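Student: Following is a predicted model, sequence given first.
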Amino acid sequence: MELKSILCPIDFSEAGVQALKYAAILSSRFNSTLHVFHSCHVPTSITEAIGIDTSTEIIYDNEEVYRKKIEKLLQEVITEELKDIQYNIIVRYGFASDAIAEVTEEVHADLVVMYTSGADNFLQYMLGTVTGHVLKNVLCPVLIVPHDFIFNGTIKEIVYATDLLTEAEDSVESVVALAKKFEAHISFISIESHAVAERRNLVPYALNELLQKTSYTHISFHINESEHVIEGLRVFAAERDADLLVMTTRSRNFIKNVIEKSKTREIVFHSTIPVLAFHK
């Protein structure tokens, strides 16, 4: 994973601060530029109706106010060990979902770090609203930080949801690169509704294939059986005391189907750890 450019949208909430802290630490580890972005929306029809001036001068003044707020926030987040981070502040008027996608392209972001607002069903939230829009409309990976997550600066265990044999090589290499920066262990996990022997026999083969492509050895493969895939993944992540869950957009479509078909079974995935989503 070559992270030259990281984008972190913020809204000055405590959850946003934690996402910014996560992004800042990643920027430090990868020696990348951190782009901190805030999106403002001026509802023109309302402001005109009540006589609020939305002239260029007023908007510019408001942008400066937000820039100063971001600068102050960065000074609080950037500790002594992160003092050498290169950062850029961007303030723009527009809807957050559209603006984030636009800025991602403009700064050539290699990663977007953002947070969720605490929806009852985390994965349903991922599939809708701002986060879902960003996941569908940006090409780079997206790191999603739960609203109540407190990042302590370390990543010791990464759980990678996979079907073992068809995972994109670049995604795996990116996660290995991330793991190296934190000396983390990676647990590749495939949740099967019926863990047949043939699938279990693929584990040594898959591990050998990966080890031939990387010198990183803190890796293990697992196949667990669960009728409820999402719950099986949640349990495995909890058992491993995972700090990060890695998924792909292909898995995302699968998860969407699982959620939609499982309303009567009330499958709910409450993620308490960040999720790194890759496109396929």
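Tutor: Good, I have the coordinates.
Student: need the contact list for the closest residue to residue 16 other than its chain neighbours.
Tutor: Distance criterion Cβ to Cβ, 6 or more residues apart in numbering; nearest residue to residue 16, sequence neighbours excluded, is residue 10 at 4.2 Å. The C-beta positions use only the backbone N, C-alpha and C, and glycine is treated the same way. Residues in contact with residue 10, defined by Cβ atoms under 8 Å, 6 or more residues apart in numbering, are 16-17, 19-20, 36-38, 70, 73.
Student: Determine the number of other residues adjacent to the closest residue to residue 232 other than its chain neighbours.
Tutor: Distance criterion Cβ to Cβ, 6+ apart; nearest residue to residue 232, sequence neighbours excluded, is residue 226 at 2.8 Å. Counted with other Cβ atoms under 10 Å, the neighbours of residue 226 add up to 17.
Student: now do residue 93
Tutor: Counted with other Cβ under 10 Å, residue 93 comes out at 13.
Student: got it, and residue 29?
Tutor: 16.
Student: same thing with residue 137?
Tutor: Neighbours of residue 137 (other Cβ under 10 Å): 14.
Student: same check, this time on residue 189
Tutor: 22.
Student: And it, what's its pLDDT?
Tutor: pLDDT for residue 189: 88.
Student: tell me which element it is part of?
Tutor: Element membership for residue 189 (DSSP states H and E) is strand 185-192.
Student: mind checking how far the nearest residue to residue 33 once chain neighbours are set aside is from residue 220?
Tutor: In space, residue 33 comes closest to residue 86 once its chain neighbours are excluded; the distance is 4.8 Å by Cβ to Cβ, 6+ apart. Here residue 86 is placed at a distance of 36 Å from residue 220 (Cβ to Cβ, to the nearest Å).
Student: Ends of stretch 111-131, what's the gap?
Tutor: 14 Å (Cα to Cα, to the nearest Å).
Student: For the stretch 151-280 of the chain, which segments count as helices?
Tutor: 169-182, 197-200, 202-211, 229-239, 249-261 (DSSP state H, counting those that start in this stretch).
Student: Could you export the fourth one as PDB, keeping only the C-alpha atoms?
Tutor: Right, the one you point to is helix 229-239. Output in PDB follows, covering the C-alpha atoms of helix 229-239 (Å, rounded to 0.1, in the frame of the first residue of the first chain):
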ATOM      1  CA  VAL A 229     -22.200 -15.200   7.800                       C
ATOM      2  CA  ILE A 230     -22.200 -11.700   9.300                       C
ATOM      3  CA  GLU A 231     -22.600 -13.100  12.800                       C
ATOM      4  CA  GLY A 232     -19.800 -15.600  12.100                       C
ATOM      5  CA  LEU A 233     -17.500 -12.800  11.000                       C
ATOM      6  CA  ARG A 234     -18.300 -10.700  14.100                       C
ATOM      7  CA  VAL A 235     -17.600 -13.600  16.400                       C
ATOM      8  CA  PHE A 236     -14.300 -14.400  14.800                       C
ATOM      9  CA  ALA A 237     -13.200 -10.700  14.900                       C
ATOM     10  CA  ALA A 238     -14.100 -10.600  18.600                       C
ATOM     11  CA  GLU A 239     -12.200 -13.900  19.300                       C
END
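Student: sorry, back to before: list the residues that contact the residue nearest to residue 33.
Tutor: 27, 32-34.
Student: What of residue 2?
Tutor: With Cβ under 8 Å, 6+ apart, residue 2 has these contacts: 30, 110, 177.
Student: Out of these, which end up buried?
Tutor: Neighbour-count burial (16 or more other Cβ atoms under 10 Å) applied to the contacts of residue 2 gives 30, 110.
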